[in-house]
Every structure is written in C-alpha cells, then in structure tokens.
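Asks: how would this look folded up:
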Amino acid sequence: MAENGGGGFRARVDHFLYSGEKKHVLAGIALVGVVFVVPWFFMNRGTSHSSHQDYMEKADKARSERLSSSASSFK
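Replies: Purely as a prediction, here's the structure:
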C-alpha cells in the first residue's frame, strides 16, 4: 500500500499528533480554538444579551398568554 513508500496518511497524522513539536502544538491549539469559537460566534450573532430578569419576564408573559389561550379554547 502507500505505507511502503515513505509513510501513509496514518503515519503522518500520528507524527503530527505525537511529535510535540512547537509548530504542531500551536496548530493543534488553533484548530481546537476554531472548533469551539466558530459555533459560539454563529450562535451569538445578532442576539442582544439580556439579563435573567428580562428572560423571566418574557417567560412569564408567554406562559400567561399560553394559559389564557388554552383556557378560552375549553369554553
């Protein structure tokens, strides 16, 4: 296979992961950072951060609207 001619993909990945070379460590840290930062960025894009009190007020309002609409449907 490809491993006979100077190492295959698996050998290269093993070398990259376990070498401990400074550039490999920094590349790994950057990769992990990107994996976590990109989804966080897209989840928080365009949303304003509100306080817990604001959240509770919105939840109470939605709950009371839902309960009042379900109570009127039983009549």
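
Asks: what's in contact with the one helix or strand in the chain whose mean pLDDT sits lowest?
Replies: Using mean pLDDT, DSSP states H and E, helix 52-73 stands out as the lowest-scoring helix or strand of the chain, at a mean of 86. Helix 52-73 is contacted by no other residue when judged by Cβ atoms under 8 Å, 6 or more residues apart in numbering. All C-beta spots, glycine's among them, are computed from the backbone N, C-alpha and C.

Asks: Find the helix or strand that residue 31 is a member of.
Replies: Here residue 31, judged by DSSP states H and E, is contained in helix 22-44.

Asks: chain center to that helix: distance?
Replies: Computed by Cα atoms, centre = their mean, to the nearest Å, the chain-centroid distance of helix 22-44 equals 11 Å.

Asks: swap in stretch 20-36?
Replies: On Cα atoms, centre = their mean, the centre of stretch 20-36 falls 17 Å from the chain's centre.

Asks: Could you export it as CSV, keeping only the C-alpha atoms?
Replies: Taking C-alpha atoms only, stretch 20-36 is exported to CSV below (Å, rounded to 0.1, in the frame of the first residue of the first chain):
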residue,chain,number,x,y,z
GLY,A,20,5.3,17.5,20.4
GLU,A,21,7.0,20.0,18.0
LYS,A,22,6.1,23.6,18.8
LYS,A,23,4.5,24.3,15.4
HIS,A,24,2.4,21.1,15.8
VAL,A,25,1.2,22.1,19.3
LEU,A,26,0.3,25.6,18.2
ALA,A,27,-1.5,24.3,15.1
GLY,A,28,-3.5,21.9,17.4
ILE,A,29,-4.4,24.7,19.8
ALA,A,30,-5.5,26.9,16.9
LEU,A,31,-7.6,24.0,15.5
VAL,A,32,-9.3,23.4,18.8
GLY,A,33,-9.9,27.1,19.2
VAL,A,34,-11.6,27.3,15.8
VAL,A,35,-13.7,24.3,16.5
PHE,A,36,-15.2,25.9,19.6
